[in-house]
Structure formats: structure tokens, C-alpha cells
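Undergrad: Make a model of this:
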Amino acid sequence: MNSFKQAFLFTTGVLVIHGILLSTGGYRIPQIDSPMHILGGFAMALFGLAIHKVVSTSYHTKHSPVWYHYTFVIGFAMLIGITWEFHEYILDNTINIWYNFPKSQPSLGDTMKDFLNDWIGASVAFYFFKKNG
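TA: You can find the predicted model right below:
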């Protein structure tokens, strides 16, 4: 299967689960947040691997050390994770206040835990799919 198609399908699945959890109030269960961030990091690493495959082919970097490839993929996934945390922060300070919804980011510790879970998911994806990506 095409790397981009695989990443798109997995990401779509994660977003469908996210939509279901939002609409049913599933995020009120604190233990749901960590697996969702792990899945999100995994999905974004799949995209990072697909992008990296195109870049490696175009610029002949396939023979670079593994840490170079890991840094590219993890950096991409973490950049998306940081963007997601900004998204949660903006929602917490606008719509969630207006409509009295629960906060997505109750503390700095929660945000750091989310980043750690994003990194774990991305690292697992890199480990299992690096030869394909």
C-alpha cells in the first residue's frame, strides 16, 4: 500500500475516534487522553515517514545515519503535536469558556504528558515502519 494512503487512512481512523469521543463526552474519562495522543503521534509519524521517503528518494539521503531519519520523522510528528496543543489551548480559552465545556489542558503537566505520548507513538511507528518509509 502507498505510504501516503496508509498514513491518510490511519489518521482518518484516529480523527473518527476523536469525533466519537468528543460527541459522546468520552474525553471526560482521564485515561482516554494518553492512548489518543499515542495514536496521534503514530499517525503523524506515518505521514513523516511518507514525506521522508519522497525527500530521501529526491535528494539521495537514504544512506544517512538512522538518527538523521529518526530526527526527521519525530520532528515532523512533534511539530504537529505542538500545533495540536496550541489548538487545545485556543479552544480552552474561547469556545470551552463560552459554552462551559471541560478544559482540554488542565495543567502544564498534562501538556508535557501529551508531548511524551506523542513522542512514544511516533517512535513506535518509526521503529515498525522505517524500512517501508
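Undergrad: what distance separates the least confident helix or strand in the chain by mean pLDDT from the centre of its chain?
TA: Sorting the helices and strands of the chain by mean pLDDT, DSSP states H and E puts helix 95-98 at the bottom, at a mean of 88. With CA atoms, centre = their mean, to the nearest Å as the basis, helix 95-98 stands 24 Å off its chain's centre.
Undergrad: which of the residues in that helix are buried?
TA: N96 (16 or more other CB atoms under 10 Å). From N, CA and C alone the C-beta is placed, and that goes for glycine too.
Undergrad: next structured bit after it?
TA: Moving toward the C-terminus from helix 95-98, the next helix or strand (DSSP states H and E) is helix 108-129.
Undergrad: Show me what that following helix is packed up against.
TA: Using 3 or more CB pairs under 8 Å, 6 or more residues apart in numbering; DSSP states H and E, the elements in contact with helix 108-129 are helix 33-59, helix 66-92.
Undergrad: Let's test this: what are the backbone torsions at Q105?
TA: phi -120, psi 90 (degrees, to the nearest 10).
Undergrad: Could you check how far it is from Y127?
TA: If you measure Q105 against Y127 using CB to CB, to the nearest Å, the figure is 29 Å.
Undergrad: next one: L21
TA: From L21 to Y127 the distance is 27 Å (CB to CB).
Undergrad: rewinding a little: CSV please, covering the helices and strands packed on helix 108-129 and showing mean neighbour count and distance to Q6.
TA: What follows is the helices and strands packed on helix 108-129, written out as CSV (neighbours: other CB atoms under 10 Å; distance: least, CB to CB, whole Å):
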stretch, mean neighbour count, distance to Q6
helix 33-59, 20, 6
helix 66-92, 16, 14
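Undergrad: mind checking which of the ones you listed is nearest L9?
TA: helix 33-59 (9.3 Å; CB to CB).
Undergrad: thinking again about what came up before, more crowded one of L21 and Y127?
TA: L21 (16 against 10; other CB atoms under 10 Å).
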